[in-house]
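[1] Here is my input; please provide its structure:
(one chain, ligands or ions: 1)
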Amino acid sequence: MATPADAPEILTAEGNPRSHDTPWYNKEEPEVSAAARKLLREWSEVKDDNIVGRVMALRDKAWNVFPFPCIGQYRFLDLVLPTLPIYTDLLTLLKNPSTNFLDLGCCLGQELRQLALDGVSPSQLYGSDLSAQYLELGYELFGDHEKFSKATFIAADVFNEEEKEGEGLRALEGKMDAIYTGSFFHLFDYSLQALVAKRAVKLLKPTPGVLVLGRQIGNAKPGEYPRRISGGTRFRHDAATWKKLWEEVGAETGTKWDAQVQTEEWSGEFRKDNQWVRSQPEQTIRLRFVIRRIE
Ligand SMILES: C[S@@+](CC[C@H](N)C(=O)[O-])C[C@H]1O[C@@H](n2cnc3c(N)ncnc32)[C@H](O)[C@@H]1O
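    Modelled structure (predicted):
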């Protein structure tokens, strides 16, 4: 497998990564998608005229927690789960009140709010993130402390193996029917991704049919690529390496997984000072996936 450690990163964060001059901090107003507008209007009862201001103010608070490109570029409003081919079936599954859904690395938790708007009971919805501040900012963005109080949010490090029984993510082990991971695996190198996948296997009910869903950035030339903010690398998959990781995880956990993967080319361009700027290495792709336990 290629390891393009010398692959050019088009943009890096130099100096203070929280500076508003960081390449992926978009100083312009967000173009809020129709789907995100609908969610903010119908779930959060925000008036149309107030949406952009609310999103910009919230983005700056989230940026100060950690300057992820998805925060700087307002991608915390992306609603990807409803675009997965399995979404209608997922809603049908979650009509059963004994089923549970976890968004792992949920950040502000927009996908969970969409599920609730689409009729899933908040008591079946779980979100987890390293940052308690992001979880709190999610309540602030969606204005739903009360309305969403039956949902469960857990601030936890997915790699923390020291949790006591009944605490943190450990409290959810064996309880989930589906786990969503949006722009999450791609934060880590290959060996850490394998650990996340094994953690997901533990969090799911120990039975065929359970699902791991998500999206992430990859590369047609799969391998380890340098991180832009902190040191180290993150592994960029193509469909074949992503499937292979799940084969390996299956072999190590005594399970078997069918991975359906869609890929598309993606330049990762964004608006910066009225220009389009490339943010990702050559041959970057986006992957959307539905991974189902079959044994
Ligand atoms: C790029 S954001 C993606 C957010 C969201 N899933 C989405 O699709 O919009 C990645 C999220 O993973 C969280 N994260 C990073 N490392 C983590 C860890 N070790 N354990 C749990 N969450 C982590 C970050 O705090 C951040 O909210």
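[2] Can you name the residues that contact whatever residue of the stretch 101-250 of the chain ends up closest to the ligand?
    Minimum separation of the stretch 101-250 of the chain from the ligand (CB to the nearest ligand atom) falls at residue 182, amounting to 2.5 Å. Glycine gets a C-beta too; all of them are placed from N, C-alpha and C. Neighbouring residues of residue 182 by CB atoms under 8 Å, 6 or more residues apart in numbering: 78, 80-81, 103, 105-106, 111, 214-216.
[3] filter those down to the ones near the ligand?
    Residues of the contacts of residue 182 in contact with the ligand (CB under 6 Å from any ligand atom): 78, 105-106.
[4] of these, closest to residue 251?
    Distances from residue 251 to those, taken as CB to CB, are shortest for residue 105 (24.7 Å).
[5] rewinding a little: which residues does the residue of the stretch 101-250 of the chain closest to the ligand form a beta bridge with?
    Listed by DSSP bridges, the beta-bridge partners for residue 182 are residue 215.
[6] Enumerate the residues of the stretch 101-250 of the chain near the ligand.
    105-107, 129-131, 134, 157-159, 182-184, 187.
[7] Can you say which of the residues you listed are buried?
    For these, a neighbour count by 16 or more other CB atoms under 10 Å gives the buried set as 105-107, 129-130, 134, 158, 182-184, 187.
[8] Pipe the residues you listed into a markdown table and attach secondary structure per row.
    Formatted as a markdown table, those follow (DSSP: H, G, I helix; E, B strand; the rest coil):
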| residue | secondary structure |
| --- | --- |
| 105 | coil |
| 106 | coil |
| 107 | coil |
| 129 | strand |
| 130 | coil |
| 134 | helix |
| 158 | coil |
| 182 | strand |
| 183 | coil |
| 184 | coil |
| 187 | helix |
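[9] With pLDDT as extra columns, can I get those residues in JSON lines?
    Output for these, formatted as JSON lines (pLDDT from 0 to 100):
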{"residue": "105", "pLDDT": "98"}
{"residue": "106", "pLDDT": "98"}
{"residue": "107", "pLDDT": "97"}
{"residue": "129", "pLDDT": "97"}
{"residue": "130", "pLDDT": "97"}
{"residue": "134", "pLDDT": "97"}
{"residue": "158", "pLDDT": "98"}
{"residue": "182", "pLDDT": "98"}
{"residue": "183", "pLDDT": "96"}
{"residue": "184", "pLDDT": "97"}
{"residue": "187", "pLDDT": "95"}
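[10] And these, which is closest to residue 204?
    The closest of these to residue 204 turns out to be residue 158 (CB to CB; 13.9 Å).
[11] what about whatever helix or strand residue 39 lives in, near the ligand?
    Assigned by DSSP states H and E, residue 39 belongs to helix 34-42. No: applying CB under 6 Å from any ligand atom, one finds helix 34-42 out of contact with the ligand, separated by at least 11.3 Å.
[12] mind starting the numbering at 532 from now?
    In the new count, where the first residue is 532, that last one comes out as helix 565-573.
[13] Now the element after that helix, going C-ward?
    Counting by DSSP H and E, the next helix or strand C-terminal to helix 565-573 is helix 579-596.
[14] Kindly provide the whole-number mean pLDDT of the helix or strand following that next one.
    Later in the chain than helix 579-596, the nearest helix or strand by DSSP H and E is helix 600-603. Per-region confidence: helix 600-603 scores 90 on mean pLDDT.
[15] who does helix 600-603 touch, helix- and strand-wise?
    The elements that helix 600-603 packs onto, with contact taken as 3 or more CB pairs under 8 Å, 6 or more residues apart in numbering; DSSP states H and E, are helix 579-596.
[16] now the helix it packs on, how far from the centre of its chain.
    Averaged C-alpha coordinates place helix 579-596 at 19 Å from its chain's average position (CA atoms, centre = their mean, to the nearest Å).
[17] How about it and the ligand, any contact?
    No: residues of helix 579-596 are not located near the ligand by CB under 6 Å from any ligand atom, the shortest gap being 7.8 Å.
[18] Residues in contact with that helix: which ones?
    Among residues not part of helix 579-596, those counted as contacts by CB under 8 Å, 6+ apart are 549, 556, 560-561, 563, 568, 571-572, 577, 602-603, 605, 607-608, 638-639, 662, 664-665, 668, 671-672.
[19] ok, 7 Å please
    With contacts defined as CB atoms under 7 Å, 6 or more residues apart in numbering, helix 579-596 is touched by 549, 556, 560-561, 563, 568, 571-572, 577, 602-603, 605, 607-608, 639, 662, 664-665, 668, 671-672.
[20] what about burial for the residues you listed, which qualify?
    Buried, going by 16+ other CB under 10 Å: 556, 561, 563, 568, 571, 577, 602-603, 605, 607-608, 639, 665, 668, 672, out of the contacts of helix 579-596.
[21] Many thanks, we can stop here.
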